[in-house]
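[1] got a sequence here, can you model it:
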Amino acid sequence: MGMFKDLNNLNKQAKAMQKPEHRGMMGGFRQMKDGVAQANQVMGDMAADGDKAQRLNATGQDGTGTITAVRDTGMTVNENPSIEMDLQVQVAGGAPYPVTHRQVVSRLAIANFQPGASVGLKVDPNDPQSILIA
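    Now for the predicted structure:
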């Protein structure tokens, strides 16, 4: 009898966690529509990042960055982790300055992105905080 009571309590908790507009069959369709909208937003952001990467690769200034800290964002793309890095960026003829950069990194290359490592990068001449790790 205790198992059915636990299942009933679990069902009540699940219903309480659902948004009211996502209950029932029509709510399921609304939830699916919301999920598709969210996926489209993520895909649009990824496309914009791809355009930015192409532009920086073509017009960015060459520089180097020394990684000072690395944090896992908890997100993955195709099972590759998205990490946030603090870097000291150096562009020829300029003083080093700090930048925080977020990027998806191959699981196979994650060992190369540790504090103290030096990486080649491209810097946006109009926005020095915008970088592309080469």
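[2] in contact with the closest residue in space to residue 116 that isn't next to it in sequence, which residues?
    Using C-beta to C-beta, 6 or more residues apart in numbering and skipping the chain neighbours, the partner closest in space to residue 116 is residue 67 (6.7 Å). C-beta coordinates here come from the backbone N, C-alpha and C atoms, glycine included. Contact analysis of residue 67 by C-beta atoms under 8 Å, 6 or more residues apart in numbering lists 85-87, 113-119.
[3] tell me how many other residues crowd residue 29.
    By the criterion of other C-beta atoms under 10 Å, residue 29 has 11 neighbours.
[4] would it count as being in a helix?
    Yes. Judged by DSSP: H, G, I helix; E, B strand; the rest coil, residue 29 forms part of a helix.
[5] helix, strand or coil for residue 93?
    Here residue 93 is coil, with the state taken from three-state DSSP.
[6] what are the phi and psi angles of it?
    phi 80, psi 0 (degrees, to the nearest 10).
[7] how much space separates it from residue 122?
    Distance of residue 93 to residue 122, given as C-beta to C-beta, to the nearest Å: 16 Å.
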